[in-house]
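> only geometry, no sequence info:
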């Protein structure tokens, strides 16, 4: 889908004061630079980080309150519907970095993130020690994903064997489609694809993250043995 993400964003920002516009641009990296922290922006304006957070929240509320008055309202409705439909295809949740790739080009990434924060029906889960940041339709899906991940980690610790997505679904009796299971697994920092990208395992396993040249040679030879055996 080709949307004018930058154009819609600029239309929304036009309603803000100059200071609020600059703060939003710096927070969401809409100025072509890296996203900046509350502390950094606060120091530049000689205000507290909480005041910066409040300005950011108030700016988003102001934009949402005036949606019907923007020229880009119709296009934003289409963008929002696209975001939700893409997330539903992925099982209602997706790791943020992977989700962004399905929504547009790299040059549009920061505008997409900003518009995601304006979208109703979407929630962002923050990065945690064991989980990547993600976007979801609701917290129940995220909680379900965490339970499934715990079950898979327990399975791997017991079996000590990498499994493909089909075998994983059967092993834990997963009753949803494989795309959903894949989205769930991708949230975990403890589970990764194996060296050959065909199976999943614990990220500490040499099959997943070979630490030495010897590990890599072993995995290559193991894969060759699999492909040549009858």
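Sure, I can see it. As the structure is a prediction and not an experimental result, all values here were calculated from the model. Numbering: from 1, shown residues only.

> quick one: the nearest residue to residue 53 once chain neighbours are set aside from residue 55, how far?
Excluding the flanking residues, the one nearest residue 53 by Cβ to Cβ, 6 or more residues apart in numbering is residue 38, at 5.7 Å. From N, CA and C alone the C-beta is placed, and that goes for glycine too. Using Cβ to Cβ, to the nearest Å, residue 38 is found at 10 Å from residue 55.

> Compare the two (neighbour count), which wins?
residue 55 (23 against 18; other Cβ atoms under 10 Å).

> mind checking the SS state of that one?
Taking DSSP: H, G, I helix; E, B strand; the rest coil as the rule, one finds residue 55 in the helix state.

> Break down the protein into its strands, ranges please.
For the chain, the strands defined by DSSP state E cover 93-95, 123-125, 134-136, 191-193, 200-202.

> Out of the ones you listed, which one sits most buried?
strand 134-136 (a mean of 25; mean count of other Cβ atoms under 10 Å).

> Can you tell me the strand partners of that strand and which way each runs?
Sheet pairing of strand 134-136 (DSSP bridges) gives strand 93-95 (antiparallel), strand 123-125 (antiparallel).

> Relative to residue 31, which of those is closest?
strand 123-125 (21.2 Å; Cβ to Cβ).

> So which of the strands paired with strand 134-136 is nearest residue 60?
Of all the strands paired with strand 134-136, it is strand 123-125 that lies closest to residue 60, at 12.5 Å by Cβ to Cβ.
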